[in-house]
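Student: What follows is a predicted protein model with its sequence.
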Amino acid sequence: MKLEELHPIEALLTADFRSIEPRLQALDKHLTLRTYLDGYALGELDTKVWQALRGNRAAVSFIKRGSLANLARWFQFIEENHPEIQAEIKAKDAAAKAKVAAASKAGASYALALQDADQGVVTRFLPEPSGYLHIGHAKAALLSDYFAHQAYKGTMRLRLDDTNPSKEKQEYQDAIIEDLALMGIKPDVLSYTSDYFDYLYDMCIRLIKQGDAYADDTDQETMRNERWNGIASKRRGRTIEETLRIFEEMKQGSEEGLQNCIRAKLSVDNPNKAMRDPVIYRCNIETPHHRTGTKWKAYPMYDFACPVVDSHEGVTHALRSTEYTDRNPQYQWFLDTLKLRQVHMWDFARMNFIRTFLSKRKLAKLVDTGKVWGWDDPRMPTIRGVRRRGMTIPALRDFILKQGPSRNVVTMDWTNFWASNKKEIDPIAPRHTAILQKDAVKVTVTGGEAPAEPFTADKPKHPKNKDLGTKKVVFASELIMDQADAKSFKDGEEVTLMAWGNAFVGQIAGGDPVPTMTCELNLQGDVKRTEKKVTWLSSKGQQLVPAELWDFDYLITKDVLQEEDNMEDFLTPVTETMDDAWCDEAAAQLKKDDIIQLERRGYYRVDKGLGDWTEGEAGPKGKRLVLFCIPTGKTGSK
């Protein structure tokens with residue numbers, strides 16, 4: 001090769017192997033009688049070509065196989081004799097390994113290399129305000145936030161897709177904004193699709209005038225069948241003038257307008273049914289829009305509004321779940337046909353969980369029929385639902401981001417979801433004690449070490465976290481203990497009363513349930529040698545706190561609910577249980593959203609503290625703690 005042919009070759013050696021193989025052969029031929037590519041010492045050309053080849057894994061693998069003997073000899077010679085040119089390569093290798101290790105530790109790879117990211121990144125989160133955010137929405141929001149604010153120094157927009165007044169409410173809109181804030185997501189810009197109704201109307205007019213849309217009054221069932229079977233609508237040949245006239249009637253909400261919709265003229269029989277002349281405008285005069293009132297009678301459909309407004313707002317990268325993959329060509333068609341600024345699309349897999357559905361329509365039905373307490377019911381897979389169940393925001397963010405932007409669709413068990421939360425709450429959850437009221441056994445403490453009068457002592461709230469402080473524990477000669485513990489005892493057995501010391505089991509009264517028993521304190525006993533460590537509460541010397549302990553099950557009985565399944569056929573008959581309990585006096589200080597661990601029972605979130613009741617709200621039971629059991633990932637539904 002001539003010297004002038006060698007100089008540009010360095011820039012061409014970073015491509016795929018098929019592209020560079022002829023250049024490798026040319027280099028091999030050039031090196032037949034040469035030690036260096038240029039001259040008799042290491043120069044700039046040898047340095048750049050060697051570094052370019054060393055940075056191409058496919059090229060290195062091929063060279064080291066030795067089929068190009070001269071090139072292999074030269075490559076090895078440079079590697080062994082010129083370590084000074086390898087520092088940059090080694091630094092890049094170390095950085096790549098560190099990045100892989102960090103990604104592996106995080107649980108997912110974010111190496112997407114978004115297209116044209118050097119020209120700026122603008123992402124958007126586009127929820128419809130027709131319900132509360134669920135964990136599927138959380139993934140979309142967190143990924144858009146991640147790529148805008150962490151992976152790149154870009155912008156994230158929140159746009160509420162309010163194009164269907166029949167489903168949307170101000171309540172949902174406000175809840176979405178609040179939930180994002182709770183998750184630590186701070187959009188740079190807030191907008192609404194309704195901000196662009198005039199612009200979307202103009203874009204629809206443009207489509208019609210181009211001959212790319214038509215008015216159709218075909219009834220819904222016939223239209224569905226025609227689209228399914230690839231049959232053209234009888235209205236597909238309507239003139240531009242006729243369609244424009246009808247669109248004006250739709251805008252006015254006239255009788256003729258109400259009978260029509262506007263369809264984009266994409267295809268009649270495309271194998272991808274999303275491309276078969278989708279509806280892009282339809283009338284709605286029954287429900288005023290929660291922002292624009294009755295100004296508009298015809299509204300754009302999501303499939304039309306989404307690409308048009310994405311482009312108009314300056315979105316560069318639209319991250320969408322894989323359920324929209326079939327609609328991507330449709331999205332692109334609108335951009336191309338209207339000659340709008342291009343938007344890059346990236347699909348990611350939505351999160352699916354066993355025995356859970358994330359359809360807002362189905363979730364709304366549960367709320368509307370009273371199957372659950374509301375959108376924030378702890379059995380609901382909404383952000384508010386899992387938070388009310390006891391999921392912390394740091395654990396929620398961590399779990400979702402670890403799933404990454406992969407396109408692989410999987411249905412997950414809830415186990416890992418709640419296990420990640422346990423790691424977050426275990427070090428900071430104060431310890432308390434609860435005894436079920438129906439199972440309380442009265443225990444009389446005897447012996448020389450039994451307290452003549454109740455006394456209190458300061459005990460740590462958490463055995464391994466002194467920063468949580470201490471609580472008052474009452475010791476007395478009269479206790480209550482769990483029925484299950486009493487039934488397991490043998491006469492004379494030595495047991496450990498947690499946070500106090502050892503005792504010998506005395507007389508256990510006959511009967512089922514066990515009504516009473518005695519125990520003799522043995523505070524000198526070795527707590528390490530006892531088999532049973534039991535919880536207890538003094539029934540003298542303190543005002544025990546009444547509490548409701550709630551636990552919850554999955555809402556449905558089937559792991560994966562199919563589209564054709566009737567939801568009502570698979571609803572779990574009983575999804576909530578509640579037991580009345582007594583808690584230690586220190587629990588009276590607990591307030592809503594505190595997270596605690598009840599010794600030997602599990603973790604609980606406080607849904608109501610004693611001070612959280614409004615006047616007259618508590619009813620005949622009076623003020624009490626309401627505690628929701630937090631799953632830990634060990635026992636499936638719990």
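Tutor: That came through, no problem. Numbers count the residues shown, from 1 in each chain.
Student: Could you pull up the residues touching residue 362?
Tutor: The neighbourhood of residue 362, defined by C-beta atoms under 8 Å, 6 or more residues apart in numbering, consists of residue 567. No exception for glycine: its C-beta is placed from N, CA and C like everyone else's.
Student: which residues does residue 215 form a beta bridge with?
Tutor: Listed beta-bridge partners, residue 215: residue 262 (assigned using DSSP bridges).
Student: buried ones in stretch 316-336?
Tutor: Of the residues in stretch 316-336, those scored as buried under the neighbour-count criterion (16 or more other C-beta atoms under 10 Å) are 316-321, 324, 327-328, 330-331, 333-335.
Student: Would you format those as JSON lines with secondary structure included?
Tutor: Shown next, in JSON lines, are the buried residues of stretch 316-336 (DSSP: H, G, I helix; E, B strand; the rest coil):
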{"residue": "316", "secondary structure": "coil"}
{"residue": "317", "secondary structure": "strand"}
{"residue": "318", "secondary structure": "strand"}
{"residue": "319", "secondary structure": "strand"}
{"residue": "320", "secondary structure": "strand"}
{"residue": "321", "secondary structure": "strand"}
{"residue": "324", "secondary structure": "helix"}
{"residue": "327", "secondary structure": "helix"}
{"residue": "328", "secondary structure": "helix"}
{"residue": "330", "secondary structure": "helix"}
{"residue": "331", "secondary structure": "helix"}
{"residue": "333", "secondary structure": "helix"}
{"residue": "334", "secondary structure": "helix"}
{"residue": "335", "secondary structure": "helix"}
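Student: what's the weakest-modelled helix or strand in this protein?
Tutor: Comparing every helix and strand of the chain by mean pLDDT, DSSP states H and E singles out helix 87-106 as the least confident one, with a mean of 59.
Student: Pull the number of nearby residues for residue 243.
Tutor: Using other C-beta atoms under 10 Å as the criterion, residue 243 is surrounded by 24 other residues.
Student: So what does it look like in phi/psi?
Tutor: phi -70, psi -40 (degrees, to the nearest 10).
Student: isn't it right up against residue 215?
Tutor: Yes - Residue 243 is in contact with residue 215 according to C-beta atoms under 8 Å; the separation is 4.5 Å.
Student: And what about the nearest residue to residue 633 once chain neighbours are set aside, helix, strand or coil?
Tutor: Distance criterion C-beta to C-beta, 6 or more residues apart in numbering; nearest residue to residue 633, sequence neighbours excluded, is residue 419 at 3.0 Å. Using three-state DSSP, the structure places residue 419 in helix.
Student: follow-up on the earlier one: just the closest of the buried residues of stretch 316-336 to residue 572, please.
Tutor: The closest of the buried residues of stretch 316-336 to residue 572 turns out to be residue 321 (C-beta to C-beta; 26.7 Å).
Student: quick one: contacts for the closest one?
Tutor: The neighbours of residue 321, taking C-beta under 8 Å, 6+ apart as the test, are 136, 139-140, 347-350.
Student: Farthest pair within the residues you listed?
Tutor: 136 and 347 (13.9 Å).
Student: higher neighbour count, those two?
Tutor: Using other C-beta under 10 Å as the criterion, residue 136 and residue 347 rank with residue 136 on top: 21 against 16.
Student: Can you show me the strands along the stretch 251-400 of the chain?
Tutor: Applying DSSP state E, counting those that start in this stretch to the stretch 251-400 of the chain gives strands spanning 261-264, 279-283, 298-300, 317-321, 344-348, 352-353.
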